[in-house]
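Engineer: Mind looking at a prediction? Sequence and model below.
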Amino acid sequence: MKDLNELMQAILDMDAAQRKAADEAQAERTARLAGLEEQRRQIAAQAAADSKARADAAAKEASDANTAALEELAKARAAAEQNLQQRADACGEQWVDELCRRALAGTGAGGEA
């Protein structure tokens, strides 16, 4: 009976040792998974930060380009306005002469000739 008790105790000891090893392996896997999850989070955060930085840089570049384009348009508009004013000033005398000619002819401005 003593041998049977020793055999049973040995089986229980082996089972406890196996359970302890399995628990240690599970704890190690859990720790590794937690470490990998933390790495994943760090990589995701870095990728998001890089993406935001690139998007911000692209937005600034586009804004600067738009500002430059608006300045060019404003210059072109000012030049066109100046050109139109010069042409109007040059044609002003012709228009006055034509209106006077029509008035003197009795047709009035915009009337039949």
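Structural biologist: Received the coordinates, thanks.
Engineer: and the most centrally placed residue in the chain, how far is that from Ala65?
Structural biologist: Central residue of the chain (Cα atoms, centre = their mean): Ala55, 3.8 Å from the mean position. From Ala55 across to Ala65, the span is 15 Å (Cβ to Cβ, to the nearest Å). (Each C-beta comes from the backbone N, C-alpha and C, glycine too.)
Engineer: same question, Asp56
Structural biologist: Taking Cβ to Cβ, one finds Asp56 at 15 Å from Ala65.
Engineer: From the chain's centroid, how far away is the host helix or strand of Ala27?
Structural biologist: For Ala27, the element it lies in under DSSP states H and E is helix 2-105. Centroid separation for helix 2-105 versus its chain: 4 Å, with Cα atoms, centre = their mean, to the nearest Å.
Engineer: Any stretches of this structure with poor pLDDT?
Structural biologist: For the chain, the stretches with pLDDT under 70 are 107-113.
Engineer: go again using 80 as the cut-off
Structural biologist: By pLDDT under 80, the weakly predicted segments of the chain are 1, 90-97, 99, 106-113.
Engineer: Next one: Glu38 from Ser51, what distance?
Structural biologist: Taken as Cβ to Cβ, the span from Glu38 to Ser51 is 20 Å.
Engineer: Give me the residues contacting stretch 53-66.
Structural biologist: Stretch 53-66 is contacted by no other residue when judged by Cβ atoms under 8 Å, 6 or more residues apart in numbering.
Engineer: no wait, stretch 7-22
Structural biologist: Contacts for stretch 7-22 (Cβ under 8 Å, 6+ apart): none.
Engineer: when you give positions from now on, start the count at 303
Structural biologist: Yes, from this point I'll number from 303; that puts the last item at stretch 309-324.
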